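Novice: sequence and predicted structure are below.
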Amino acid sequence: MKKRSFSDWSLDIFVYLILSVAGLITLLPLANVFSKSVSAEWAVISGKVNIWPVGFQLDTLRNVVTSSVFVQAFAVSVFVTVVGTLLSIFVTAITAYPLSKRLPGISFVMVLFIFTMLFNGGLIPTYLLIRNLHLLDTLWSLILPAVVNVFNLLVMKSYYETLPEALEESARIDGAKTYAILFKIILPLSMPVIATISLFYAVFFWNDYFHPMLYINDEALKTLQLYLRDVVMQADSATAASKSIDELMNMSPEGVRAATVVASTVPIICVYPFLQKYFIKGVLVGSVKG
Amino acid sequence: MNSAATRLKRRSSHPGLERQRFAKWKLARRNIDYYVLLIPGLLLLLLFKYTPMYGLVIAFQEYNIFDGVSGSPWVGLDQFRKLTQTDEIVNVLTNTMLISCYKIVLLFPIPIIIALILNEVRLSAFKRTIQTIIYLPHFLSWVIISGLFITILSPSGGLVNTVLQWLGMEPISFFMDNRFFRSVIVFTAGWKEVGWNAIVFIAALAGIEQEQYEAASMDGAGRIKKMFYISLPGMMPTIIMMFILRLGSVLDAGTEQILTMYNPVVYQTGDVLGTYVYRVGLGQMDYSFSTAVGFLNSLVGFILVVGGNFVSKKLVHRGIW
């Protein structure tokens, strides 16, 4: 075997160095916030906390996750995510099925769906619609408009198209009806793509702060992201003492903010291994759909 | 009578067409089950996507919430005329274009470089670890990322300012300083997405045939040569398509991102089209004017995406549809 040349060595060093730096830049803000959430108050205020915790304590974190506002916001987010994802995946799965068939009028329906990816009515008309439907300050305003995501619909449709035609034909010869074929044969075979799309929807519902910000004013219906936004933005302007911070007296806003950020990030980190695997699949299916 | 005769004649001259149409109907009726499945999805689509498009008519009205669309007076293009007379709009457009262009120029090449560099890593454990780390921020919401960076960039005890002070510099309040706000926006956008955006390019690299590399090795090409003469050209169609698509969304400078990060102090450098529509529309309740701005925004965006797709198909024979 040929001896490795100098340029080969230097390229390797360069490659590993650059990627390690990229990894560190990604991890640094996370490590910093985590350390602040579990460090002593005096250390946080005086800026002693960098990468490692100083004066380790879990009181701030405990107080944040047991405060009634946090628990409530967390529960609202769980509700929206679970109901939203189940409803979305059901509607997406049954809508994509006829779209994968060559039937009269289907291509027109496809155009109707795809057009909404390219053009939309915009913020205000959508807000006024939600208002006129009396959906403001209801959790349905966060769920119903998001139930059909056209990108996910296309991923689902192109998956159906890869299933062998013969499967359905033989079931039909045995006397099975369309719905029986869909629910008993097609959907069980589509579990991998259903898992992928469920995660797409779940991450969207969990992370969405924009729509709650537009449609939800009721304190009791605030989602976790909306609550987090209040904490982040208020701790930012030093003068404002938010309700949540009053509740957690004797704690620095910096520490509380860090703890709230950490508590909201943990659920995502816990499911991240699945997310990564299935999301990459989904992205690649979506990009080769052609 | 004359016309009836010709109609009859025309019909009989295209018997095939008529039969075809009839066959289509029969096919549709026989498969009525499939169409039933479309109903819930279509209803939601019409209600939540197409009704707001009809709602765009208020851009041509002086809409007020009590009279509704039917009762509000029509004003033609007044809202659009008002737009050209608003001083703020110049600032908003400048910010939108500047932030978008910085994002494209600085952030578009990074995922390509990451993909090329990752391709040179032979230790698969290291490769997997780095991928796992750099994909992570994609899954965090903008609120969380805003919280992370407000913490790390805080002028009182934030990590970056601690380092600055250690170097003998004055602390900087990045989120309150018009000199730095755009840089913060561009950097945090990069932090969130450059790793994730590399996936498409990594897939493109995986699609290049190994024989090409082997042949190049035979001819004595080193790794860097192979990177420039095989990997990069192999990714080119993907790069061109992604770039054109990226240009299509140039008017969206990151509305949801900026809404979690900005404050009145940095409106001067951070207010973009999307945030302006939000502020004027829902903050000041100027529904018609805000809808007019949003309408122009959607329209130009539409033209850019459709045009971009057309160009992409012409250039690299690939498009999004």
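Specialist: Arrived safely.

Novice: got the residue ranges for the helices in the stretch 151-300 of chain B?
Specialist: For the stretch 151-300 of chain B, the helices defined by DSSP state H, counting those that start in this stretch cover B:159-166, B:181-206, B:210-218, B:223-226, B:232-248, B:255-261, B:267-270, B:273-278, B:287-316.

Novice: looking at those, which is nearest to chain A?
Specialist: With C-beta to the nearest C-beta as the measure, helix B:287-316 is the member of these nearest chain A (3.5 Å). Where you see a C-beta, it was placed from the backbone N, CA and C, and this is true even at glycine.

Novice: dihedrals phi and psi, residue B:61?
Specialist: phi -120, psi 170 (degrees, to the nearest 10).

Novice: mind pulling up the phi and psi values for the nearest residue to it once chain neighbours are set aside?
Specialist: Leaving aside its sequence neighbours, residue B:61 sits nearest to residue B:72 (C-beta to C-beta, 6 or more residues apart in numbering or on different chains; 4.5 Å). Note on residue B:72: backbone dihedrals following degrees, to the nearest 10 are phi -80, psi 140.

Novice: for residue B:72, give me its contacts.
Specialist: Going by C-beta atoms under 8 Å, 6 or more residues apart in numbering or on different chains, residue B:72 touches B:58, B:61-64, B:288.

Novice: mind running it again at 10 Å?
Specialist: B:57-58, B:60-66, B:287-288 (C-beta atoms under 10 Å, 6 or more residues apart in numbering or on different chains).

Novice: roughly how far does it sit from residue A:123?
Specialist: In this view, residue B:72 and residue A:123 are 18 Å apart by C-beta to C-beta, to the nearest Å.

Novice: next: residue B:232.
Specialist: 40 Å.

Novice: chain center to the one helix or strand residue A:96 maps to: distance?
Specialist: If you go by DSSP states H and E, residue A:96 is part of helix A:68-99. Here the centre of helix A:68-99 is set off from its chain's centre by 11 Å, with C-alpha atoms, centre = their mean, to the nearest Å.

Novice: sort out which residues of that helix are buried, please.
Specialist: A:69-70, A:72-74, A:76-77, A:79-81, A:84-85, A:87-89, A:91-99 (16 or more other C-beta atoms under 10 Å in any protein chain shown).

Novice: right, is that helix up against chain B?
Specialist: Yes. Using C-beta under 10 Å from any C-beta of the partner chain, we find that helix A:68-99 touches chain B at A:87-88, A:90-99.

Novice: right, and the helix or strand after that helix?
Specialist: Assignment by DSSP H and E places the next element after helix A:68-99 at helix A:106-118.

Novice: angle of the next helix-or-strand element following that next one against helix B:287-316?
Specialist: Where DSSP H and E defines the elements, the next helix or strand beyond helix A:106-118 is helix A:123-132. Put simply, helix A:123-132 runs at 120 degrees to helix B:287-316, going by axes from the mean of the first three to the mean of the last three C-alpha atoms, to 10 degrees.

Novice: where does the stretch 101-250 of chain A dip in pLDDT?
Specialist: Filtered on pLDDT under 70, the stretch 101-250 of chain A yields the residue ranges A:235-250.

Novice: show me the strands in it, by range?
Specialist: Under the criterion DSSP state E, counting those that start in this stretch, strands are not mapped anywhere in the stretch 101-250 of chain A.

Novice: if we only consider the contacts of residue B:72, which is nearest to chain A?
Specialist: residue B:287 (5.3 Å).

Novice: before we move on, the earlier item: just the pLDDT at the residue nearest to residue B:61, thanks.
Specialist: On pLDDT, residue B:72 comes in at 90.

Novice: tell me if stretch B:303-321 is near chain A.
Specialist: Yes. Under the criterion of C-beta under 10 Å from any C-beta, chain A is reached by stretch B:303-321 at B:303-306, B:309, B:318-321.

Novice: now, of those, which are buried?
Specialist: Taking 16+ other C-beta under 10 Å as the criterion, what is buried in the residues of stretch B:303-321 next to chain A is B:304-305, B:309, B:318-320.

Novice: determine which two of those residues are furthest apart.
Specialist: Using C-beta to C-beta, those span at most 17.6 Å, a distance reached by B:304 and B:318.

Novice: so what pLDDT did residue A:5 get?
Specialist: For residue A:5, the model assigns a pLDDT of 78.

Novice: can you map out the helices along the stretch 101-250 of chain A?
Specialist: Ranges of helices within the stretch 101-250 of chain A are A:106-118, A:123-132, A:140-143, A:150-162, A:165-173, A:178-180, A:187-189, A:191-207, A:210-215, A:224-236, A:243-247, based on DSSP H, counting those that start in this stretch.

Novice: picking up where we left off before, can you name the two of the contacts of residue B:72 that are farthest apart?
Specialist: Spanning the widest gap among these are B:60 and B:66, at 18.6 Å by C-beta to C-beta.

Novice: neighbour count: these two, which is higher?
Specialist: residue B:60 (19 against 6; other C-beta atoms under 10 Å in any protein chain shown).

Novice: quick check, residue A:55 in a strand?
Specialist: No. Under DSSP: H, G, I helix; E, B strand; the rest coil, residue A:55 sits outside any strand and is assigned coil.

Novice: return the member of the contacts of residue B:72 nearest to residue A:135.
Specialist: residue B:65 (15.5 Å).

Novice: may I have the secondary structure class of that closest one?
Specialist: The assignment at residue B:65 comes out as coil when based on three-state DSSP.

Novice: correct me, but it touches residue A:128?
Specialist: Yes. If you go by C-beta atoms under 10 Å, residue B:65 and residue A:128 touch, sitting 7.8 Å apart.

Novice: find residues that contact each of these two.
Specialist: Common neighbours of residue B:65 and residue A:128 (criterion: C-beta under 10 Å, 6+ apart): residue B:287.

Novice: what about residue B:232 and residue A:123, which has more around it?
Specialist: Between residue B:232 and residue A:123, counted using other C-beta under 10 Å, the more crowded position is residue A:123 (23 against 14).

Novice: need the nearest residue in space to residue A:30, chain neighbours excluded.
Specialist: Distances taken as C-beta to C-beta, 6+ apart place residue B:148 nearest to residue A:30, at 6.9 Å, with adjacent residues excluded.

Novice: and the one you found, which of the three is it?
Specialist: What three-state DSSP gives for residue B:148 is helix.

Novice: remind me which helix or strand residue A:277 belongs to.
Specialist: Secondary structure from DSSP H and E places residue A:277 in helix A:253-287.

Novice: quick check: buried residues in that helix?
Specialist: In helix A:253-287, counting by 16+ other C-beta under 10 Å, buried: A:253-265, A:268, A:272, A:275-276, A:278-287.

Novice: what's the answer for stretch B:210-218, then?
Specialist: Buried residues in stretch B:210-218, counted by 16+ other C-beta under 10 Å: B:213, B:216.

Novice: other residues contacting that stretch?
Specialist: Counting by C-beta under 10 Å, 6+ apart, B:209, B:221-223, B:225-226, B:229-231, B:233-234 sit against stretch B:210-218.

Novice: please save the CA atoms from it in PDB.
Specialist: Output in PDB follows, covering the C-alpha atoms of stretch B:210-218 (Å, rounded to 0.1, in the frame of the first residue of the first chain):
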ATOM      1  CA  GLN B 210     -17.600   5.100  -7.300                       C
ATOM      2  CA  GLU B 211     -16.000   4.200 -10.600                       C
ATOM      3  CA  GLN B 212     -15.500   7.900 -11.300                       C
ATOM      4  CA  TYR B 213     -13.400   8.200  -8.200                       C
ATOM      5  CA  GLU B 214     -11.500   5.000  -8.900                       C
ATOM      6  CA  ALA B 215     -10.700   6.100 -12.500                       C
ATOM      7  CA  ALA B 216      -9.500   9.400 -11.200                       C
ATOM      8  CA  SER B 217      -7.200   7.700  -8.600                       C
ATOM      9  CA  MET B 218      -5.700   5.600 -11.500                       C
END
